[in-house]
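K.L.:
Okay, predicted coordinates and the sequence, questions at the end:
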Amino acid sequence: MIKEVNLSGIYVAPFAAYLFCALLIYMPLRIWLDRIEIQKWAWHRQLFEAAIFLIVLSLIGLICR
């Protein structure tokens with residue numbers, strides 16, 4: 001697990017880097033899920049999208065461990 005990320009002398013928590021990476025993965029995934037119309041299988045679309053984002057974030061956290 002990394003400690004802090006140094007961005008031009010500003011130390012950022014690794015969780016912020018994980019969030020940014022998860023966002024980069026989540027956006028194309030969300031577009032793809034909209035194309036295959038996955039929302040018709042989900043009861044609450046925003047809750048489903050939040051769950052998908054948390055799954056992506058958790059996978060990044062496990063990989064970067």
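P.N.:
Everything's here; your move.
K.L.:
per-residue confidence averaged over stretch 4-22?
P.N.:
Computed over stretch 4-22, the mean pLDDT rounds to 89.
K.L.:
Can you get me the start-to-end distance on that stretch?
P.N.:
Stretch 4-22 stretches 17 Å from its first residue to its last (C-alpha to C-alpha, to the nearest Å).
K.L.:
Now do the phi/psi pair for the residue in the chain sticking out farthest from the centre.
P.N.:
What lies farthest from the middle of the chain is residue 9; by C-alpha atoms, centre = their mean that is 25.5 Å. Geometry field for residue 9 lists phi and psi as phi 90, psi 0, criterion degrees, to the nearest 10.
K.L.:
List the buried residues of stretch 18-30.
P.N.:
Neighbour-count burial for stretch 18-30, counted by 16 or more other C-beta atoms under 10 Å, picks out 18, 21-22, 26, 29. In short, each C-beta sits where N, CA and C put it, glycine included.
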